[in-house]
Every structure is written in structure tokens, then in C-alpha cells.
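Asker: sequence and computational prediction follow.
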Amino acid sequence: MKLPEFVLNIGAVAYKEAAVILHDRPFLGVVLLQPIVQFLMFISISNIPQNIPWAVLDRAATQESRRLIEEVRTSGYFLEPTTVTNYDHGRALLSHGEIIALLVIPDDYSQLRERGGAEVQLLLDGSAPLTAARVGGYVSRIAAATGADRPRSRDGPIARSRPPTAIDVHQRFWFNPTLNDQYFFFAVFAAVLLTNLCLSATSLALVGERENGTYEQMLALPTTPLELILGKLLPYVVICYIVLLLAVLLAGVCLGIWPQGSWMAVVAVTLPFVLAALAVGTFISTVSPTSAQSVFLSMFFILPSMILSGLMMPYLLMPDGIRQIGAVLPTRWYQIALRGIAARGAGILDFVEPLLVLTGMFAAMLAAIAWRTKPRLD
């Protein structure tokens with residue numbers, strides 16, 4: 001074969017392939033969307049906490065104590081503090097995952113400040129070690145800067161000859177006193193496995209039927225779209241519970257990381273998540289003309305689910321906008337409930353919101369799949 005003929009043949013095949021690609025709008029859309037998705041995920045990777053929920057138990061209720069609270073609040077890292085009146089209330093907020101830190105100011109805080117030193121206590125949710133360590137460091141730094149200023153007595157500024165007043169922050173980490181990172185990752189080990197399984201397996205469900213030539217036979221069955229979809233999802237639900245059991249046993253037997261809360265709570269919160277994730281994968285299958293495109297599209301849900309949901313890093317560390325995007329992923333709500341049950345010993349009643357959100361996601365995706373699935377050929 002002569003070189004010009006060889007080049008022309010390659011050019012002809014390349015032209016044909018380019019024409020096919022240019023007419024494949026779903027593929028082009030995914031290709032153009034990929035840089036945007038990757039960009040958003042890299043933006044979300046940050047070690048700077050923002051909008052941290054916290055609470056204050058101010059037993060002193062003096063100008064000095066209020067000043068410390070204001071310094072922490074205006075640092076740019078924290079939300080408006082929740083005021084609690086006793087330890088039990090603060091512990092309950094920590095246990096339910098509603099706050100990350102509880103600042104306790106003793107009743108003799110101002111007197112100790114005037115004498116040259118004061119102590120405050122900071123209780124932190126150690127189930128997210130990176131977040132707890134960062135928050136504790138910021139509060140200690142703010143307290144040190146506040147203590148370096150010249151204290152004031154009831155009659156005015158204290159003499160300049162007195163050295164700066166120290167404010168010691170005694171940190172105590174709950175649920176994970178040693179800040180062991182393994183507790184953070186293996187608490188949601190099942191969520192990682194189930195996310196991959198649900199989105200990968202069902203993304204090929206209907207598109208595989210079309211490619212095998214059995215889609216028409218399936219539609220001809222005396223079943224409604226809803227019955228058809230639920231029938232295809234049910235075996236995967238059973239498989240997901242087997243994977244869940246293996247994940248819990250591996251983390252427990254090998255590392256000693258067992259769920260601190262109710263096992264029934266884990267089982268209950270897993271069902272709506274599995275159904276929602278399976279429904280997302282099935283919907284991908286209904287909009288993908290080929291298996292290759294279905295796999296490609298499923299990756300756009302798997303990768304964000306790993307990063308934006310809070311599996312790999314606390315979602316509270318993510319900037320505004322990115323954090324809200326992760327809230328549309330089923331994995332975000334599942335990991336919130338799973339970490340609360342596994343690390344903080346919470347029960348099913350503590351996670352009504354994730355249950356409702358996941359159930360709503362499943363219902364919405366089920367309606368979208370039924371709309372896309374035609375019961376009869378046109």
C-alpha cells in the first residue's frame with residue numbers, strides 16, 4: 001500500500017468517526033461538562049472550616065465573657081452561636097451532630113482574668129478529627145489573642161504594669177478522644193462501597209436490555225413501569241445489604257470499629273439510601289443510548305459522591321456553594337446518618353431529616369424513570 005493511499009484511508013475513517021461524534025450530543029455534553037465538575041470538586045478540597053455550628057454555655061455573663069464570644073463569632077469561621085443553659089443541653093447538641101463545638105465559660109471567668117489568668121473549656125465533636133482539630137486550634141488562637149489585650153476591671157483599665165492576661169482553652173474531644181482518622185473513614189466505609197455498587201450496577205440495567213435486544217420483550221410484559229422498575233431494583237437491594245454486613249464486619253473484626261448506635265438504625269437508614277442511589281443509576285440507564293455512555297455518565301455521580309458528599313473530607317470545610325451542591329447527592333445524607341450512628345451512638349429518631357430527604361429523592365427519581373420508560377413501543 002502506497003503512503004498517500006494509507007494516509008487517505010486513515011483520513012476517511014477519522015472523518016467518519018468525527019461525524020459520528022459530532023452528532024452524539026449526549027457524549028459531547030458530558031465531555032464539556034467534565035471540566036466543570038472536576039473544577040468544582042477541586043475547589044471543594046479545603047482545610048479551612050467555614051460556617052461552623054457551635055454553642056456557648058456562658059456562666060459568667062459578664063462583659064469580658066461576652067467579648068470572648070464575640071471575638072470567636074466574628075472570626076469568620078463560625079455561625080451565630082446557640083446559647084445553652086446547662087451541660088446536658090450542650091451534650092445533646094453534640095450527640096445529635098447539631099454543633100461541632102461547645103464553649104463553656106466558668107462563672108469566675110472575669111475574676112480570674114483580673115488576677116492574671118483564666119480558663120475556658122471547649123468540648124469538640126471528635127468524630128470528624130480534622131474538623132475538630134482545626135476548630136480547636138482556631139478557638140485557642142482567638143482566646144490567646146484576646147487574652148493578650150490589657151484586661152479591664154469594673155473601674156476601668158488595669159494598670160499597664162500588669163502582664164497580659166492568659167486565657168487557657170482546655171479542649172476535650174468527644175466520641176473519638178484520640179482523633180483517630182480511621183474512625184472517620186471506616187464509619188462510612190459501607191457508604192463508599194454501596195455508592196459504587198448502586199451507581200455502577202444499575203446504570204447498565206435498561207441500556208443493556210436495549211443492546212441485547214430484549215428491551216422490546218420486557219416492555220411487552222403485562223407490568224406497569226413502576227412494577228418493572230421495582231422488580232429490577234429488588235435483587236440489588238439484597239446484594240447491598242450483604243455488602244453492608246461485610247463492610248461492618250471487616251471494620252469491626254479487623255480494626256475494632258463497631259457501630260456505637262443501634263444496628264437496626266443502620267439497617268433502617270440504609271434502605272432509602274440504597275433505593276435512591278439505585279434509582280439514580282437506573283435513570284442514567286434510561287437516558288443513555290449505549291453502555292459506554294452510561295458508564296461515562298455514572299462516573300459523574302460517583303466521583304462527586306466521593307468528594308462533595310463528605311465521605312473523604314468533612315463537608316463543613318467546603319466553601320459556600322460547593323457545600324450546597326453536595327446536598328443533592330444521596331450519599332451526603334447517608335454519611336451524615338451513618339457517622340452519627342457509628343461514631344456518636346445516635347438512634348434512628350436522631351436522623352429523621354436524612355430519612356425524609358432520601359425517601360423524597362427516591363420518589364422523585366422513580367417518577368422520572370417511569371416517565372422515561374415507555375410501557376409500549378411507539
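Answerer: Here it is on my side, so go on.
Asker: neighbours of Val253, how many?
Answerer: Neighbour count of Val253, defined by other C-beta atoms under 10 Å: 10. From N, CA and C alone the C-beta is placed, and that goes for glycine too.
Asker: and if you look at Pro354?
Answerer: Neighbours of Pro354 using other C-beta under 10 Å come to 21.
Asker: would you agree it is in contact with Tyr334?
Answerer: Yes: counting by C-beta atoms under 8 Å, Pro354 touches Tyr334, with 7.0 Å between them.
Asker: tell me, what's touching these two both at once?
Answerer: Each of Val269 lies in contact with both Pro354 and Tyr334 under the rule C-beta atoms under 8 Å, 6 or more residues apart in numbering.
Asker: what residue ranges in this protein score low on pLDDT?
Answerer: 1-3, 26-27, 30, 34, 37-38, 40-47, 148-165, 208-223, 225, 374-378 (pLDDT under 70).
Asker: can you list the domains in it?
Answerer: Split into domains by automatic domain parsing, the chain comes to 54-179, 182-372.
Asker: how long is the last one end to end?
Answerer: Taking C-alpha to C-alpha, to the nearest Å, the first and last residues of domain 182-372 lie 42 Å apart.
Asker: tell me which element Thr359 is part of?
Answerer: Assessed by DSSP states H and E, Thr359 sits inside helix 352-372.
Asker: mind giving me the packing neighbours of that helix?
Answerer: helix 225-255, helix 263-287, helix 330-344 (3 or more C-beta pairs under 8 Å, 6 or more residues apart in numbering; DSSP states H and E).
Asker: can you give me the buried ones in it?
Answerer: 354-355, 357-358, 361-362, 365-366, 368-370 (16 or more other C-beta atoms under 10 Å).
Asker: can you tell me which of these is closest to Leu311?
Answerer: Minimum distance to Leu311 across the buried residues of helix 352-372 is 14.4 Å, recorded for Pro354 (C-beta to C-beta).
Asker: Gln171 bridge partners, please.
Answerer: Leu122 (DSSP bridges).
Asker: that one and Gln121, how far apart?
Answerer: Separation of Gln171 from Gln121 (C-beta to C-beta, to the nearest Å): 8 Å.
Asker: which residues do those two both contact?
Answerer: Contacts common to Gln171 and Gln121, judged by C-beta under 8 Å, 6+ apart, are absent.
Asker: Ile99 is nearest to which of the helices and strands packed on helix 352-372?
Answerer: helix 330-344 (11.9 Å).
Asker: just the strands in the stretch 51-200 of the chain please.
Answerer: For the stretch 51-200 of the chain, applying DSSP state E, counting those that start in this stretch gives strands covering 54-58, 82-83, 101-105, 117-125, 152-153, 156-157, 166-174.
Asker: and Pro289, which of those strands is closest to it?
Answerer: Per C-beta to C-beta, nearest to Pro289 of those: strand 117-125, 46.6 Å.
Asker: re earlier: just name the closest of the buried residues of helix 352-372 to Leu317, please.
Answerer: Nearest member of the buried residues of helix 352-372 to Leu317, counting by C-beta to C-beta, is Pro354, at 19.7 Å.
Asker: what is the burial count for the residue lying closest to the closest one once chain neighbours are set aside?
Answerer: Leaving aside its sequence neighbours, Pro354 sits nearest to Trp333 (C-beta to C-beta, 6 or more residues apart in numbering; 4.0 Å). Burial of Trp333 is recorded as 26 neighbouring residues (other C-beta under 10 Å).
Asker: that's all I had, so thanks and see you.
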